[in-house]
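Undergrad: Build me a structure from this.
(one chain, ligands or ions: 3)
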Amino acid sequence: MYQHIQVPTQGQKITVNADRTLNVPDEPIIPFIEGDGIGVDITPVMIRVVDAAVAKVYGGQRKIHWMEVYAGEKATRVYGPDVWLPEETLAAVKDYVVSIKGPLTTPVGGGIRSLNVALRQELDLYVCLRPVQYFQGVPSPLKEPEKTNMVIFRENSEDIYAGIEYPAQSDKAKKLIRFLQDEMGVTKIRFPETSGIGVKPVSIEGTERLVRKAIQYAIDNDKPSVTLVHKGNIMKFTEGGFRDWGYALAKKEFGAAELDGGPWCQFKNPRTGRNIVIKDVIADAFLQQILTRPAEYSVIATLNLNGDYISDALAAQVGGIGIAPGANMSDSVACFEATHGTAPKYAGKDYVNPGSEILSAEMMLRHMGWREAADLIIRAMEQAILSKKVTYDFARLMDGASQVSCSGFGQVMIDAMND
Ligand SMILES: NC(=O)C1=CN([C@@H]2O[C@H](COP(=O)(O)OP(=O)(O)OC[C@H]3O[C@@H](n4cnc5c(N)ncnc54)[C@H](OP(=O)(O)O)[C@@H]3O)[C@@H](O)[C@H]2O)C=CC1
Ligand SMILES: O=C(O)CCC(=O)C(=O)O
Ligand SMILES: [Mg+2]
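TA: Ligands and ions are numbered 1, 2, ... in the order given. From the prediction side, this is the model:
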């Protein structure tokens, strides 16, 4: 059935019920992509930590059967030089419903387009969910890092990530520029002969489904606000559209009413009776306010590129990209992955922080309903950080820390589970 994927001899598929809830067997098969660069370091550590947590909590009643699927450089070694994202990888991630991946390299300028983006687009994983929370003891550049507590809903399927762009001086760029000038009356391309050209599609459907998820999350988790972050003053019909369609959805589907003449609006959380405010902020102002007034923000709904920048900026506020987890989700399929990339200079050195991928797995376990194992991973992470046995990224900023390797940190976490 598969060409190179070895399906474990034991375990079953997770399936999706008609109401979109998951049917999780006690021994699910979970596909994983090792990842390029530091993927080779962090992915095995993530698997060890997850297996230890599951074994500790469920005592053999539950067990994950891991199934390696290939993407990136490893895929080219297994399938052939030009096969970066095999069809059967996409099929397995879809069929097995819940998966996890390490980071994949994307070259700058030319070369292949992002495999990470391709995976999200091919499977229509339209929500990029990135929670940002502070762990006690993590070194942070902020005086009060615990005030940064946000959950980012980044639109994951459109915006400039659609990849519609043409190199400067190519026939296609020239053709598009001529069309814009001759047919659309465009006069403001400053250097038409030497411009590369990109197109930014942002739709009503794409915005609505993302904002709907963000608002539902605020309801389910009793959050006080959802902020639409955009640059709609400049990009009026894409980023401005996102803002307007977001507000319209809040009114239409959640009964939000305008506050003081709008555009902010609010509605009562049907579960708790508390108000949820829907507000918006322009992206540049937001980037300074998350430093000066982080407590004013809770759930963030934003476009693809803004979400990319904001994810790393917020990760830095709570101690860096080494503990920044995430998930790519559709209404049925979820593929979990760290916020960071392949950090090539550290690849294969057993050096970096495996925390982001471990916390992505923690999100995965919670998504599967294995709450006890997820809770144990959080407790082990808290204890490991408080013990100050940490990887280089934290050790270089912590007084009195003893630096451990990537695998060493995994072991510190596993030891903490047994304390
Ligand atoms: N989802 C994905 O698969 C993603 C893939 N990428 C890809 O990754 C490649 C490299 O991108 P780059 O811009 O260098 O960004 P990276 O996130 O890979 O690395 C940037 C820096 O972040 C720090 N860092 C990253 N991961 C860790 C970790 N686990 N523990 C501790 N510190 C960490 C390091 O900082 P320091 O130097 O201070 O030690 C590192 O040099 C690119 O090809 C990019 O396209 C990027 C983002 C996401
Ligand atoms: O796809 C890539 O290489 C980068 C993606 C990225 O930075 C992200 O999703 O945060
Ligand atoms: Mg990024």
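Undergrad: quick one: His223 is in a strand?
TA: Actually, residue 223 is Lys rather than His. No - counting by DSSP: H, G, I helix; E, B strand; the rest coil, Lys223 falls outside a strand, being coil.
Undergrad: Tell me which residues touch it, please.
TA: Lys223 makes contacts with Val151, Tyr217, Ile276, Ser298, Val299, as judged by Cβ atoms under 8 Å, 6 or more residues apart in numbering. Backbone N, C-alpha and C define where each C-beta goes, glycine included.
Undergrad: So the helix ranked longest in the chain, near ligand 2 or not?
TA: The residue-count maximum for a helix in the chain (DSSP state H) belongs to helix 39-58. No - against ligand 2, helix 39-58 shows no contacts by Cβ under 6 Å from any ligand atom, the least distance being 12.5 Å.
Undergrad: what mean pLDDT does that helix have?
TA: Mean per-residue pLDDT for helix 39-58: 98.
Undergrad: does Arg154 count as helix, strand or coil?
TA: What three-state DSSP gives for Arg154 is strand.
Undergrad: count of residues packed around it?
TA: 27 (other Cβ atoms under 10 Å).
Undergrad: Identify the residue nearest it in space, chain neighbours excluded?
TA: Gly307 (2.5 Å; Cβ to Cβ, 6 or more residues apart in numbering).
Undergrad: start to end distance for stretch 261-268?
TA: 18 Å (Cα to Cα, to the nearest Å).
Undergrad: Closest to the centroid, which residue in this protein?
TA: The geometric centre of the chain, computed from its C-alpha atoms, lies nearest to Gly326 (Cα atoms, centre = their mean), at 3.5 Å.
Undergrad: That residue is in contact with Ala338, isn't it?
TA: Yes - counting by Cβ atoms under 8 Å, Gly326 sits close enough to Ala338 to count as a contact (6.5 Å).
Undergrad: Just to be sure, Ala248 is in a helix?
TA: Yes - applying three-state DSSP, one finds Ala248 inside a helix.
Undergrad: where along the stretch 201-350 of the chain do the helices fall?
TA: 204-220, 239-254, 283-292, 304-317 (DSSP state H, counting those that start in this stretch).
Undergrad: What residues of the shortest one count as buried?
TA: Spelled out, it's helix 283-292. Within helix 283-292, the residues scored as buried using 16 or more other Cβ atoms under 10 Å are Ala283, Phe286, Leu287, Ile290.
Undergrad: do the second one as well
TA: Residues 239-250, 254 are the ones in helix 239-254 that count as buried (16+ other Cβ under 10 Å).
Undergrad: Next, count neighbours for the residue nearest to Glu158 when sequence neighbours are not counted.
TA: Among residues not flanking Glu158 along the chain, Gly206 sits closest, at 4.7 Å (Cβ to Cβ, 6+ apart). Gly206: 21 surrounding residues under other Cβ under 10 Å.
Undergrad: Thanks again, I'm all set now.
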